[in-house]
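Q: The sequence and its predicted three-dimensional model are supplied below.
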Amino acid sequence: MKPLKPISRFLIAVSALLMISAYFVPLWQILMWAPQYPEGLEMDIWINNITGDVKIISALNHYIGMKHIEVEMFPEFHYMIYIVGFLIVFGLLVALLNRRFLLWSFVSLLLVTGVAALVDFYLWGYDYGHNLDPTAAIVVPGMSYQPPLIGTKQLLNFTAFSGPDIGGWIFLVAALLSIGILIFEIKKNKSQA
Amino acid sequence: MKTSIIHRVLSVLVILATLIVWQGCKPKAPDSVSIGDAASRVYVAPGKYDEFYNFVSGGFNGQMSVYGIPSGRLFKILPVFSVFPESGYGYSEETKPMLNTSHGYVPWDDLHHIALSTTKGEHDGRWAFGNANNTPRVARVGLKSFRTEEILEIPNSGGNHSSPFITENTEYLVAGTRFSVPMGNNKDVPISSYKENFKGSISFVKIDPQSGRMNIAFQLRTPGFNYDLSRAGKGPSHGWFFFSCYNTEQAYTLLEVNASQNDKDFIMAVNWKKAEEYIAQGKGKIEKAKYAHNVYDEKTHMATSTMEDEVTVLDVMELPDIVYFIPCPKSPHGCDVDPSGEYIVGSGKLAAMMPVFSFTKIQTAIANKDYEGDFGGIPVIKYESALHGEVKKPGLGPLHTEFDEKGNAYTSMFVSSEIVKWNVKTLEVLDRVPTYYSIGHLSVPGGPTSKPHGKYVIAYNKITKDRYLPTGPELTQSAQLYDISGDKMRLLLDFPTVGEPHYAEALPASLISANSTKLYKIEENENPYAAKGEGQARVERKGNEVHVYMTAIRSHLTPDNIEGVRVGDDVYFHVTNLEQDWDVPHGFAIRGAINAEILIMPGETQTLKWKPLVAGVIPFYCTDFCSALHQEMSGYIRISPPGSSVPLKFSTGVIEGQASGAGQ
């Protein structure tokens, strides 16, 4: 049971505390532009909500048979607050209990959570973009409208962009910090051994 | 230890750099294009004239408006289907009958399309026609006087949208119903009996080649669905008319979804020469129908409204060879015929490509009975047999197509908000240019005729958004002028429009300007209430009607003192403008008038009705700043209580003995 360096314990605590921001700022953003929307349309995904021009986007997307975006569509909003809470408590425990295997577990958990979130978002996007109402007014043969996972994509007259919002970036920084600490701890151990 | 600190600092920097690059990768909103010498291209120096007149429909303002191209300057709002208090149109006793219908007086409508008269397929500058989309009517505007001269109501129509498209010699104007409705004797039927009871109706309105007078020659009774837009054939296809049809699903609710299900709707080809033959053979059925026919007489300066009572109907489901259907993808909107008359462009507004049909192939297919089936007994020509070819990936939401003189077509794309230029023969897309935003109709000078003038294309947009200073939630409507003289289209000018512009036509100014009416000759004024000189000015009482025969000349009204009028009288001010000089209209307004003012052109007579409600002395005055002493151009009418014995008298410039005051 190897203990951690004091600086690592401090930074892990900082990393965990940074994640608290997830409750106060949006995590992810989807932006859309069209010739008629030079000012752009925005959709912000929070830990338990979705805000922005959701109604306008839904109204436009119904022509091509996409579902109306509703908070109720996302069961994730019910348990994401607990998952993030668990991560924060876990991080603080790592700092408190000062055990390297706990740090390993924490970082692994962060990675698994991150990957799971992206997979979950991709699957939702796939369903949203492919599962279209066959009676929609505009049916372009062979066309689907899956939003980009990360980055930019042209969908008919819309340019869509998907990427982290401020909360997502903070979360990423926190995760990178934790990974960095783990690498630092491993290197330190090797040089001491 | 030091190196690891450097490493750490470096890695933080890398992360930061990644972040910045990431943000930079987000696509930016489209910038407005830089347009070089555009300012000088649209500049018309003070006192100089524009090259083209642009007659633009006003949509929900019910009027036409007249702009100059290339300056985009507004010259006139020309009242057609809606009242216009500024001139008294629809308020004056002379013009009220213009807005009479079988429903009574209808003071508003929705004017969508313009057709400028043509001879041998070319603009002749005689008349502009407009449609009333709501209470079905067509109007004819004289291009000498720029006045609405005739309005004809269209019976058996549920909304006159595919109208007023004309044949190449202005023989006929069509009026096709957008909405099918129950027709005949039993109109009180369940809405759900659409398929069984609802019918379409296409009226062919004959235009008198001399007077321009309109009358309904015959109506085609057609299958029940929606008739959207139309164009006449020309050259080789003269004798035919083409209509876009949607809702062949025959939906009667939530059309947004239910009328968008069929992969193909129809272009309806109408052989109107054949229809004329049937009429000549007496195959038409006379049906009872009530509709108003309103004509404005330039000599009497008065409109009269006549109620017509029958129409001749040809049922195309019973009489063969008048109508054929051509499958056209996804709810076609525009249905435009190229200058040669050979190609017909169907714009399926929900389709991912645009079919262009060939008139020759359609004729061959009909001759060979190359049909894929029928709809309501009407042959449906095989799509491939009628097709010249498809324009591949033209853009999203194609609506309307205009043509230039070089064999190119210009199609408006509502969804992708652009104009797409393509070659009619090769169907190759040549250029595309964005519009701001969501273009509806477009206009090339002479674009729908056999001889387009090219040079410009004007976009009439449905969304303006950030293009002008904001004016609250309701923003200005807008048009945009593009140069099409080169290979690439270039945006030259944005200009605001009144009403909501739908279709518009432009023609060389020289076709109209030289013939423009300057004034009406007073000696030709046949208005029964005219006072053709101050000596004829007078006031007459007929029961409780008081007729004031008033003259207006710089800078007084005659009479300007009137007494002996009582509360409860109906006072008619018949004002004759005695001026015989260019650009000297007079106006007339009186306090408390519940209608409007009237503007009276030189040599003209117009009448404002006024009902005094309280006793007193009421001023009236000239509203059109006519002269240096315009402010002096006013008068008084004395209103006495009911039953008063004040004698009727009138005068101008008579100073009577007074108890006190400056007059003595």
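A: That came through, no problem. Bear in mind that the values here come from a model prediction, so they are computed numbers and not experimental data. Numbers count the residues shown, from 1 in each chain, chains lettered A, B, ... in the order given.
Q: For the closest residue to chain B within chain A, which non-adjacent residue is spatially closest?
A: Here chain A gets closest to chain B at one residue, A:Pro35, 3.4 Å apart by Cβ to the nearest Cβ. C-beta coordinates here come from the backbone N, C-alpha and C atoms, glycine included. Once flanking residues are discounted, A:Pro35 sits nearest to B:Ser417: 3.4 Å by Cβ to Cβ, 6 or more residues apart in numbering or on different chains.
Q: Just list whatever residues bridge to residue 160.
A: Defaulting to chain A. When bridges are called by DSSP bridges, A:Ala160 pairs up with A:Met32, A:Lys153.
Q: Chain B, not that one
A: B:Thr177.
Q: cool, and B:Ser203?
A: Here B:Ser203, judged by DSSP bridges, has bridge partners B:Ala175, B:Gln219.
Q: For it, report the pLDDT, please.
A: On pLDDT, B:Ser203 comes in at 98.
Q: same thing with B:Pro30?
A: 49.
Q: which ones are touching B:Ile326?
A: B:Phe266, B:Ile267, B:Met268, B:Ala269, B:Gly346, B:Phe357, B:Ile362, B:Val380, B:Ile381, B:Tyr383, B:Ala386 (Cβ atoms under 8 Å, 6 or more residues apart in numbering or on different chains).
Q: Out of the residues you listed, which comes closest to chain A?
A: For the contacts of B:Ile326, the nearest to chain A is B:Tyr383 (15.8 Å; Cβ to the nearest Cβ).
Q: ok now do that closest one, which residues does it touch?
A: Going by Cβ under 8 Å, 6+ apart, B:Tyr383 touches B:Lys264, B:Ile326, B:Pro327, B:Pro355, B:Glu372.
Q: 7 Å instead?
A: Contact partners of B:Tyr383, counting by Cβ atoms under 7 Å, 6 or more residues apart in numbering or on different chains, are B:Lys264, B:Pro327.
Q: What about B:Thr435, how many residues nearby?
A: Neighbours of B:Thr435 under the rule other Cβ atoms under 10 Å in any protein chain shown: 29.
Q: thinking it is in contact with B:Ser417, fair?
A: Yes - counting by Cβ atoms under 7 Å, B:Thr435 touches B:Ser417, with 5.4 Å between them.
Q: Dump the C-alpha coordinates for the host helix or strand of B:Val257 into PDB.
A: Assigned by DSSP states H and E, B:Val257 falls within helix B:255-258. Provided in PDB are the C-alpha atoms of helix B:255-258 (Å, rounded to 0.1, in the frame of the first residue of the first chain):
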ATOM      1  CA  LEU B 255     -51.400  19.000 -45.200                       C
ATOM      2  CA  GLU B 256     -47.900  19.700 -44.000                       C
ATOM      3  CA  VAL B 257     -47.600  16.000 -43.500                       C
ATOM      4  CA  ASN B 258     -50.500  14.400 -45.300                       C
END
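Q: Pull out the buried residues from the lengthiest helix in chain A.
A: Ranked by residue count and defined by DSSP state H, the top helix of chain A is helix A:100-130. By 16 or more other Cβ atoms under 10 Å in any protein chain shown, the buried positions in helix A:100-130 come out as A:100, A:102-103, A:106-107, A:109-110, A:113, A:117, A:121, A:125, A:128-129.
Q: Does anything pack onto it? Which helices or strands?
A: Helix A:100-130 makes packing contacts with helix A:76-97, helix A:166-192 when contacts are defined by 3 or more Cβ pairs under 7 Å, 6 or more residues apart in numbering or on different chains; DSSP states H and E.
Q: Stretch B:211-230 - what's its average pLDDT?
A: On average, stretch B:211-230 scores 97.
Q: mind checking pLDDT for the residue of the stretch 301-450 of chain B found nearest chain A?
A: Using Cβ to the nearest Cβ, the closest approach of the stretch 301-450 of chain B to chain A is made by B:Ser417 at 3.4 Å. You'll see B:Ser417 listed with a pLDDT of 94.
Q: Hmm, it is touching A:Tyr37, no?
A: No - B:Ser417 is beyond contact range of A:Tyr37, at 9.8 Å (criterion: Cβ under 7 Å).
Q: Which of those two has more residues huddled nearby?
A: The neighbour count for B:Ser417 versus A:Tyr37, taken as other Cβ under 10 Å, is higher for B:Ser417 (27 against 21).
Q: Below-threshold pLDDT in chain A: ranges please.
A: Residues of chain A meeting the criterion pLDDT under 70: A:1, A:193.
Q: got the residues of it near chain B?
A: Within reach of chain B by Cβ under 7 Å from any Cβ of the partner chain, chain A has these residues: A:31, A:33, A:35-36, A:38-40, A:135, A:137-138, A:140, A:152, A:156-157, A:159, A:161, A:163, A:176.
Q: Write a ChimeraX command that selects only the buried members of those.
A: Remark: buried members of the residues of chain A next to chain B, expressed as a ChimeraX selection using 16+ other Cβ under 10 Å:
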select /A:31,33,35,36,38,40,137,138,156,157,159,161,163
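Q: ok, back up a step: I'd say the residue of chain A closest to chain B and B:Tyr437 touch.
A: Yes - in terms of Cβ under 7 Å, A:Pro35 counts as a neighbour of B:Tyr437; the distance is 5.8 Å.
Q: So the closest residue to chain A within the stretch 551-664 of chain B versus B:Val565, what's the distance?
A: Across the stretch 551-664 of chain B, no residue is closer to chain A than B:Ala596, which sits at 38.4 Å (Cβ to the nearest Cβ). According to Cβ to Cβ, to the nearest Å, B:Ala596 stands 21 Å off from B:Val565.
Q: In terms of packing, which of the two has more residues around it?
A: B:Val565 (25 against 18).
Q: Wait, a strand at the more buried one?
A: Yes - counting by DSSP: H, G, I helix; E, B strand; the rest coil, B:Val565 is located in a strand.
Q: so what's it up against?
A: With contact set as Cβ under 7 Å, 6+ apart, B:Val565 has these partners: B:Val546, B:Val571, B:Pro612, B:Ile637, B:Arg638, B:Ile639.
Q: Just among these, which is most surrounded?
A: Going by other Cβ under 10 Å, B:Ile637 tops the contacts of B:Val565 with 26 neighbours.
Q: Specify the local secondary structure of the nearest residue to that one once chain neighbours are set aside.
A: Leaving out its chain neighbours, the residue that sits closest to B:Ile637 by Cβ to Cβ, 6+ apart is B:Ile562, at 4.4 Å. Assigned with three-state DSSP, B:Ile562 falls in the strand class.
Q: from memory B:Ile562 sits against B:Val539, does it?
A: Yes - between B:Ile562 and B:Val539 a contact is recorded at 5.8 Å, counting by Cβ under 7 Å.
Q: strands paired with the top strand by length along chain A, and their directions?
A: Taking DSSP state E as the criterion, chain A has its longest strand at strand A:37-45. If you go by DSSP bridges, strand A:37-45 pairs up with strand A:28-34 (antiparallel), strand A:50-52 (antiparallel).
Q: ok, and what's touching it?
A: Strand A:37-45 has contacts (Cβ under 7 Å, 6+ apart) with A:26-33, A:50-54, A:56-57, A:165, B:29-30, B:466.
Q: one step back: please state the offset of the longest helix of chain A from the chain centre?
A: 8 Å (Cα atoms, centre = their mean, to the nearest Å).
Q: do the same with stretch B:347-365
A: Using Cα atoms, centre = their mean, the offset of stretch B:347-365 from its chain centre is 27 Å.
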